[in-house]
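Q: just a sequence and a predicted model for now, questions to come.
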Amino acid sequence: MMKQPRFKGLVLICEDSPISQELLCEFLTHSGLQTISAENGKIGVDMVRERMEKGEKPFDLILMDMLMPVMGGIEAASHIIALNTGAPIVAVTSNTLPEDLEEYISCGMRDCLEKPVSIHQLRRVLHKFVPFLQTEEE
């Protein structure tokens with residue numbers, strides 16, 4: 001049996017596609033993480049702000065879809081970064097040309113996951129940004 005990493009933390013998933021939300025939630029939960037989903041960037045910004053106002057622990061990671069209704073990923077990320085929570089924001093998008101990646105990084109995002117997101121990509125991002133607990137048998 002292969003040993004699977006276990007993580008600890010809370011991840012905000014800003015994603016308007018219910019299927020993408022479900023797949024990300026399922027993998028993250030299986031990896032030991034708690035998840036909260038927002039179906040657009042404005043809701044995500046409000047959730048981050050609300051946690052700060054209540055004095056709750058900030059999110060450990062924010063996965064941000066780039067193309068969402070109401071408020072897109074770049075605008076939402078800019079608002080969240082201005083709140084100074086320190087939570088790393090990772091773009092989730094099918095637009096991964098070098099100029100797209102440059103735009104995401106220049107606006108303060110820390111990494112990018114290409115859609116459709118693979119388990120390998122997601123694990124790479126988790127290892128980079130989320131507290132690691134232990135490895136357990138799958």
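A: Ah, there it is.
Q: what distance do you get for residue 62 to residue 99?
A: 23 Å (CB to CB, to the nearest Å). Bear in mind the C-beta positions are built from the backbone N, C-alpha and C, glycine included.
Q: name the residues of stretch 6-24 that are buried.
A: Neighbour-count burial for stretch 6-24 flags 7, 9-16, 20-21, 23-24 (criterion: 16 or more other CB atoms under 10 Å).
Q: and for stretch 64-72?
A: 64, 65, 66, 68, 71, 72.
Q: from those residues, which land in strands?
A: 64, 65 (DSSP state E).
Q: from the buried residues of stretch 64-72, pick the one nearest residue 90.
A: Set against residue 90, the nearest of the buried residues of stretch 64-72 by CB to CB is residue 64 (6.7 Å).
Q: and the closest one, bridged to which residues?
A: On the basis of DSSP bridges, residue 64 is bridged to residue 14, residue 91.
Q: any low-confidence regions in this structure?
A: Under the criterion pLDDT under 70, the flagged ranges of the chain are 1-4, 133-138.
Q: can you give me every residue that contacts residue 90?
A: By CB atoms under 8 Å, 6 or more residues apart in numbering, the contact set of residue 90 is 61, 62, 63, 64, 109, 110, 111, 112, 113, 125, 129.
Q: between those residues, which is closest to residue 84?
A: Using CB to CB, the contacts of residue 90 come closest to residue 84 at residue 62, 13.5 Å.
Q: what's next to the strand or helix carrying that closest one, contact-wise?
A: Secondary structure assignment for residue 62, by DSSP states H and E: strand 61-65. If you take CB under 8 Å, 6+ apart as the criterion, strand 61-65 is touched by 9, 11-17, 20, 24, 41, 44, 48, 73, 76-77, 80, 87-93, 109, 113, 125-126, 129-130.
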